[in-house]
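Peer 1: for reference, the sequence and a predicted model appear below.
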Amino acid sequence: MKINRPSICECALLGGRFADQLKLGLFGFLAPLFNTSRHCWGRPISRLVPNRMWIKPRNLNGFQLLVDPTDWSQTVIFREVFLESNYDLDRVKFAPTVIIDCGAHIGMFSLLARSRYQSAELIAYEPNPRNAEIIRLLIAKNRLALSFNECAVSTESAELSFVAINSHGGRLAGKESAHLKMGDSPVYKVQVVDFPAALRAMYIESLLLKMDIEGEERNVLPAIMPLLPRRTALFFETHHGKVGWSEIEGLLTRNGFTVEQINARGLYCDGFASRLS
């Protein structure tokens, strides 16, 4: 898979102060050199580079992001969030009272949303234990008002196996034993929350929801549709090509949402949907 990595200039321009620009430029210099795949020449020397950097893009309004420049998977999400504006909050035409980040990865969307909506209740779900560690460091460093749940979302409460293909890709795999190997991917036992039940227990006046849950959206979105408030904005990813996109687009349209496709890359499509009343 070809990785579209950020450049030095692109990253440096994200910074406000000169010191922030230098650090972001360093990230932009290091990120293209490394890839966690076994075929990358940069992998052996990645041990000489700090594998975590605190950086401060200016659109985070003072918050800092912890990112690993040697992890191509984190680099992909960094580009989507900060350089390609896949989560452009200007699309959201109301101030949400609740923000929920399903599939939070290392917290980039949560941090971006908190920087814009400072009074909203912010909730995040992420099952990958390595990502969860970074999110907790993010919360501590930024004194972030974020309710974090180290679990996956689905339509049942259970303990299931989770295949961590990479830091931004994984899937629920049933009830196999934990810490086995599936190919080169570690498998963890994770808690799964009944997300429709969680929504029923909340009073939500207006909602900003991000859902990137590696195919499980086909189960979760139909189940939560009757529970979403009239004012809902949704950033989402589908995972089954044109069929998967059409299925979710149709579901949202039938329930009064205006739907926009932001990006399409093979089997994966990024979208935004909004319902204002």
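Peer 2: Received it, and whenever you're ready, just let me know what you need.

Peer 1: all contacts plus neighbour counts: C-alpha atoms, from now on.
Peer 2: Will do.

Peer 1: where does the spatially closest residue to Ser7 that is not a sequence neighbour land in three-state SS?
Peer 2: The shortest distance from Ser7 to any non-neighbouring residue, by Cα to Cα, 6 or more residues apart in numbering, is to Gly28 (5.0 Å). Reduced to three states with DSSP: H, G, I helix; E, B strand; the rest coil, the structure at Gly28 is helix.

Peer 1: identify the residues contacting Gly28.
Peer 2: Shown in contact with Gly28 (Cα atoms under 8 Å, 6 or more residues apart in numbering): 6-12.

Peer 1: test my guess that Leu207 contacts Arg231.
Peer 2: Yes. If you go by Cα atoms under 8 Å, Leu207 and Arg231 touch, sitting 6.5 Å apart.

Peer 1: the more surrounded of the two?
Peer 2: Higher neighbour count among Leu207 and Arg231: Leu207, with 22 against 19, using other Cα atoms under 10 Å.

Peer 1: which residues does the host helix or strand of the more buried one contact?
Peer 2: Using DSSP states H and E, Leu207 sits in strand 206-211. Residues from elsewhere that reach strand 206-211 (Cα under 8 Å, 6+ apart): 95-103, 217, 228-237.

Peer 1: before we move on, back to that, how far away is the residue nearest to Ser7 from Leu276?
Peer 2: From Gly28 over to Leu276 the distance is 38 Å, taken as Cα to Cα, to the nearest Å.

Peer 1: what's the answer for Asp101, then?
Peer 2: In terms of Cα to Cα, Asp101 sits 20 Å off from Leu276.

Peer 1: which of the two has more neighbours?
Peer 2: Asp101 (23 against 15).

Peer 1: the more buried one pairs with what?
Peer 2: Beta bridges link Asp101 to Ala124, Lys210 when assigned by DSSP bridges.

Peer 1: can you list the weak-confidence ranges in the stretch 151-277 of the chain?
Peer 2: 164-185 (pLDDT under 70).

Peer 1: then the stretch 1-150 of the chain?
Peer 2: Ranges of the stretch 1-150 of the chain meeting pLDDT under 70: 1-5, 34-50.

Peer 1: got the residue ranges for the helices in it?
Peer 2: Along the stretch 1-150 of the chain, counting by DSSP state H, counting those that start in this stretch, helices occupy 8-12, 18-30, 72-78, 108-116, 129-142.
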